[in-house]
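Participant: Everything below, folded, please.
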Amino acid sequence: MNPARERAVFYLARFARTSKQVADYLARKEFTPEQIQDALSYLKEHRYLNDDSFAESFIRDKISHKDGPYKIKQMLFQKGIALEISNRLIAELYPVEVQQENAALLMQQKLRARQSASGLGPAEREKLFRFVASRGFNRYVIIQAFKSL
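Facilitator: Numbering: from 1, shown residues only. From the prediction side, this is the model:
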């Protein structure tokens, strides 16, 4: 086996990675573009590397951590997953109803930590809204989550 393939397999041994992550790793190790492409082809051919299944597993994990779709898309983009793939998988795996439930759970957790669930003033509501938005949820989902509180 050539050195680029060996390095790539070694890199994948611990965690699942994307094609971009493997290519970036091999580039940092100063392999040529031809060697990198050969290693990626080998990994895909032997099913060690599959961006779709990586993205699906990643999205499921982030949903369980109550991250919103915008945050998940951004993280997938940074890992080299195409926007079309992330949009399709998020639409399939993360329906709006589940987003609303997760946003409401985040709000409840935040309110429980502050011990003041009743009598939210405008400043507290705005702070809570910004917190949930920072976790990657859109305005519509957050408003619906507020209604369910």
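
Participant: Specify the local secondary structure of residue 120.
Facilitator: Under DSSP: H, G, I helix; E, B strand; the rest coil, residue 120 falls in the coil class.

Participant: separation between the closest residue to it other than its chain neighbours and residue 144?
Facilitator: The shortest distance from residue 120 to any non-neighbouring residue, by C-beta to C-beta, 6 or more residues apart in numbering, is to residue 128 (7.1 Å). C-beta coordinates here come from the backbone N, C-alpha and C atoms, glycine included. Residue 128 sits 14 Å away from residue 144, going by C-beta to C-beta, to the nearest Å.

Participant: Of the two, give the one with the bigger neighbour count.
Facilitator: Between residue 128 and residue 144, residue 128 has the larger neighbour count (other C-beta atoms under 10 Å), namely 20 against 17.

Participant: Count the neighbours of residue 16 for me.
Facilitator: 14.

Participant: surely it meets residue 54?
Facilitator: Yes. In this structure residue 16 lies within contact range of residue 54 using C-beta atoms under 8 Å: 5.2 Å.

Participant: Helices of this protein, start to end?
Facilitator: Remark: helices assigned in the chain by DSSP state H are 3-12, 19-28, 33-45, 51-64, 69-78, 83-93, 96-114, 122-134, 139-148.

Participant: what's the longest one in contact with?
Facilitator: The contact list for helix 96-114 (C-beta atoms under 8 Å, 6 or more residues apart in numbering) reads 63, 66, 68-69, 117, 120, 128, 131-132, 135, 137, 140-142, 144-146, 148-149.

Participant: Please apply the same query to the first one.
Facilitator: Helix 3-12 is touched from outside by 1, 17, 22, 25-26, 29, 31, 35-36, 38-40, 42-43, 48-49, with contacts defined as C-beta under 8 Å, 6+ apart.

Participant: Now, of these, which are buried?
Facilitator: Judged by neighbour count, with 16 or more other C-beta atoms under 10 Å as the criterion, the buried members of these are 17, 22, 25-26, 31, 35-36, 38-40, 42-43, 48-49.
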